[in-house]
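Visitor: what shape does this take:
(one chain, ligands or ions: 1)
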Amino acid sequence: MKTVLITGATSGIGHQLVLDHLAEGWTVVACGRNPEALAQLHQRAPAQLVVARFDVTDEAQTQEVVSTTLANLLKGAPLDRAILNAGTCEYLDVDQWSPALFRQVMEANLMGPANCLAPLLPTLERGSQLVLVDSLARLLPFTRAQAYGASKAALHYLARTLEVDLADRGVKVLAVSPGFVDTPLTQRNTFGMPALMTVEDASVAIMKGMAAGRRTIRFPRRLAWPLTLLSQLGEGLQVRICQWLKQQG
Ligand SMILES: NC(=O)c1ccc[n+]([C@@H]2O[C@H](COP(=O)([O-])OP(=O)(O)OC[C@H]3O[C@@H](n4cnc5c(N)ncnc54)[C@H](OP(=O)(O)O)[C@@H]3O)[C@@H](O)[C@H]2O)c1
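Guide: All right, here's what the predicted structure looks like:
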């Protein structure tokens, strides 16, 4: 039986990924902070799922909980798949700039995965998959996305550099770049979200991409391809396009 560790398992995309892995017979380590949501997950599949409660921004807690949980579960065997999905989104305001809010996003979206890597890397061996969930927002300089976009662009860079350095070990590194998915994270958005997807469809896209071993999993196509093409333009043009998008609201 294969084992997967998923952060951000208590809500949205991560929660659906837990359900889809359980349906495929995986043993799941479901990670999050919310104790009620973790208990509910455990009740669904007590023999197939263990929970790990920690805050990814707390380096010591992340190290302790992840390494202890995996040592008890794997007993020296490698971890087949780790999905670093936990994250947050806050939009900034250039008229009321908040370093604290910027730091909060960076801590969760960038330092979180970096903290998780410390206990995870020793458990990944030939054939293991390391999956980092960034965002299509990494592709262009969207309005008010100074923190979120920067964190996800940096996370994507982290994935690619890990790919360089983990190739010798035979560990596959995959980057997942979703568009808009209907979750508690986006339900706070007050702007129109093009090509909004259900969490079920998003999880199917990720599951298929991981099964196929794709290096980058972008979806939905109708948003991913235009944004990818626009990201190839000169930076001045990219800024002008995003200024125009901002005016459209
Ligand atoms: N929804 C979208 O449209 C979209 C698009 C592109 C990328 N993404 C990315 O996909 C990932 C999942 O997003 P989602 O939409 O599913 O969001 P969500 O429903 O708000 O879920 C976020 C998850 O991350 C966990 N989390 C957040 N901060 C954490 C922390 N400090 N320590 C531990 N766990 C933490 C939460 O756990 P607790 O609730 O237990 O604290 C929760 O399980 C995020 O990285 C997000 O940036 C989402």
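Visitor: ok, the nearest residue to Met197 once chain neighbours are set aside - contacts?
Guide: Spatial nearest neighbour of Met197, chain neighbours left out: Val181 (5.1 Å); criterion: C-beta to C-beta, 6 or more residues apart in numbering. C-beta: built from backbone N, CA, C; applies to glycine. Val181 makes contact with 12-13, 196-199, 202, according to C-beta atoms under 8 Å, 6 or more residues apart in numbering.
Visitor: quick one: Val181 from the ligand, how far?
Guide: 4 Å (C-beta to the nearest ligand atom, to the nearest Å).
Visitor: repeat for Met106
Guide: 11 Å.
Visitor: repeat that for Met197.
Guide: Distance from Met197 to the ligand, by C-beta to the nearest ligand atom: 8 Å.
Visitor: just Leu140 next, same as before
Guide: Taking C-beta to the nearest ligand atom as the measure, Leu140 and the ligand are separated by 13 Å.
Visitor: what's the neighbour count on that residue?
Guide: The number of residues packed near Leu140 is 20, by other C-beta atoms under 10 Å.
Visitor: quick one, longest helix in this protein?
Guide: In the chain, assigned by DSSP state H, the helix with the most residues is helix 146-166.
Visitor: on contacts alone, who are the packing partners of that one?
Guide: helix 99-106, helix 112-120, strand 129-133, strand 172-178 (3 or more C-beta pairs under 8 Å, 6 or more residues apart in numbering; DSSP states H and E).
Visitor: any buried residues in it, and which?
Guide: Across helix 146-166, burial judged by 16 or more other C-beta atoms under 10 Å covers 146-156, 158-159, 162-163, 166.
Visitor: touching, Lys172 and Gly213? I think so.
Guide: Yes - with contacts counted by C-beta atoms under 8 Å, Lys172 reaches Gly213, the gap being 6.0 Å.
Visitor: higher neighbour count, those two?
Guide: Remark: of Lys172 and Gly213, Lys172 carries more neighbours, 20 against 9, as counted by other C-beta under 10 Å.
Visitor: residues touching the residue nearest to the more buried one when sequence neighbours are not counted, list them.
Guide: Closest residue to Lys172 apart from its sequence neighbours, by C-beta to C-beta, 6+ apart: Gln129 at 4.8 Å. Contact partners of Gln129, counting by C-beta under 8 Å, 6+ apart, are 80-82, 171-174, 210, 213.
Visitor: by neighbour count, which of these wins?
Guide: Ala82 (29 neighbours).
Visitor: now that one, what are its backbone angles?
Guide: phi -120, psi 130 (degrees, to the nearest 10).
Visitor: dump the contacts of Gln129 to JSON lines, plus distance to the ligand.
Guide: Below are those laid out as JSON lines (distance: C-beta to the nearest ligand atom, whole Å):
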{"residue": "Asp80", "distance to the ligand": "21"}
{"residue": "Arg81", "distance to the ligand": "16"}
{"residue": "Ala82", "distance to the ligand": "14"}
{"residue": "Val171", "distance to the ligand": "21"}
{"residue": "Lys172", "distance to the ligand": "20"}
{"residue": "Val173", "distance to the ligand": "16"}
{"residue": "Leu174", "distance to the ligand": "14"}
{"residue": "Met210", "distance to the ligand": "15"}
{"residue": "Gly213", "distance to the ligand": "20"}
